[in-house]
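Enquirer: Fold the following and give me the result.
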Amino acid sequence: MTGSPAQHGQRRAGWHEKFIVEERFVAPATRRRLYATSAVLVTTGLLLFLVLLYGVVTHSGIERLDQPVTTWFVAQRAPELTVFMIALAVIFGPVALPVIVLVVIVAWTVLAKHAWRPLLLAAGMATGLILAQVLAPLIRHPRPPVAAMLFGADSSFSFPSGHVLGTADFLLILAFLVASRRQKTAFTVAAVGIAIVGILLQSASRLYLGYHWISDTTASLALSLVIVGMIMAVDTVRTVRVPGERVEGPHSQTQVDGS
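Expert: Numbers count the residues shown, from 1 in each chain. Prediction:
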């Protein structure tokens, strides 16, 4: 390795600035609103999940709707609709979705020339995966009968739904990380709207195909709200500054390109 220590230090600082640092200045009220929104999401999601968990454990509350809702979805089955629902299950399933997420993370890092938001997306997805893998065997909520399953038997436990949790995390976190930089109301509404539609379709797919109960899919959405709220808080702490606030480091950015 050649070059002076000063040159090496400049290279390291340049790498850090290009791939990691992504700070932005907003009005103080905007930062307070971001913190408040993250707190509401975490609190709402956690409370909803605990209520659903209590219902599943005690066979009360929304758990009483599990069988009637599944029965209704089974009654709606039709060949063309089944193909669509299976396609959703495959695209947002444990094989295809990780590939999609990886492609998005790599492409985003290269094209936007920073890694902060892609890293947040990866962290959120990993958190959801770990929660699904840990909680299901602990809660041990059985799936609907195998006879109701249209895409092969699955003997694992169902609470929460990994498919719905992965879909919700991916779409909601992506919507936040992009819309928070655009700061345009119409774009934010469109991004969140698309995310909600995608989550509802995936939830319907799991119910229609006979692999989950309504309590499973709702619990996944609740957990996703917690994860998104945490991601929002971490992103705000790391990147959001207000005018007049001292910014750490000589290479911190004051603007982002909105990519």
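
Enquirer: Show me what the longest helix seen in the chain is packed against.
Expert: Using DSSP state H to define each element, the chain has its longest helix at helix 28-58. With contacts taken as 3 or more CB pairs under 8 Å, 6 or more residues apart in numbering; DSSP states H and E, helix 28-58 sits against helix 116-139, helix 214-239, strand 240-241. Where you see a C-beta, it was placed from the backbone N, CA and C, and this is true even at glycine.

Enquirer: What angle do helix 28-58 and the first one make with each other?
Expert: Using axes from the mean of the first three to the mean of the last three CA atoms, to 10 degrees, the inter-axis angle of helix 116-139 relative to helix 28-58 is 20 degrees.

Enquirer: so which helix or strand takes in the residue nearest the centre of the chain?
Expert: For the chain, residue 169 is the residue whose C-alpha lies nearest the centre (CA atoms, centre = their mean; 1.2 Å). According to DSSP states H and E, residue 169 maps onto helix 162-182.

Enquirer: For that helix, buried residues please.
Expert: Using 16 or more other CB atoms under 10 Å as the test for burial, helix 162-182 gives 162-181.

Enquirer: For it, list the C-alpha coordinates in PDB.
Expert: Extracted in PDB, the C-alpha atoms of helix 162-182 (Å, rounded to 0.1, in the frame of the first residue of the first chain):
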ATOM      1  CA  GLY A 162     -43.800 -15.300   8.000                       C
ATOM      2  CA  HIS A 163     -45.100 -14.500   4.500                       C
ATOM      3  CA  VAL A 164     -47.200 -11.500   5.700                       C
ATOM      4  CA  LEU A 165     -44.500 -10.300   8.100                       C
ATOM      5  CA  GLY A 166     -41.900 -10.300   5.300                       C
ATOM      6  CA  THR A 167     -44.200  -8.600   2.800                       C
ATOM      7  CA  ALA A 168     -45.200  -5.900   5.300                       C
ATOM      8  CA  ASP A 169     -41.600  -5.200   6.400                       C
ATOM      9  CA  PHE A 170     -40.300  -5.000   2.900                       C
ATOM     10  CA  LEU A 171     -43.100  -2.700   1.500                       C
ATOM     11  CA  LEU A 172     -43.500  -0.500   4.600                       C
ATOM     12  CA  ILE A 173     -39.800   0.000   5.300                       C
ATOM     13  CA  LEU A 174     -39.100   0.700   1.600                       C
ATOM     14  CA  ALA A 175     -42.000   3.200   1.500                       C
ATOM     15  CA  PHE A 176     -40.800   5.100   4.500                       C
ATOM     16  CA  LEU A 177     -37.100   5.200   3.400                       C
ATOM     17  CA  VAL A 178     -38.000   6.600   0.000                       C
ATOM     18  CA  ALA A 179     -40.900   8.800   1.000                       C
ATOM     19  CA  SER A 180     -39.100  10.400   3.900                       C
ATOM     20  CA  ARG A 181     -36.500  11.800   1.500                       C
ATOM     21  CA  ARG A 182     -39.000  13.000  -1.100                       C
END
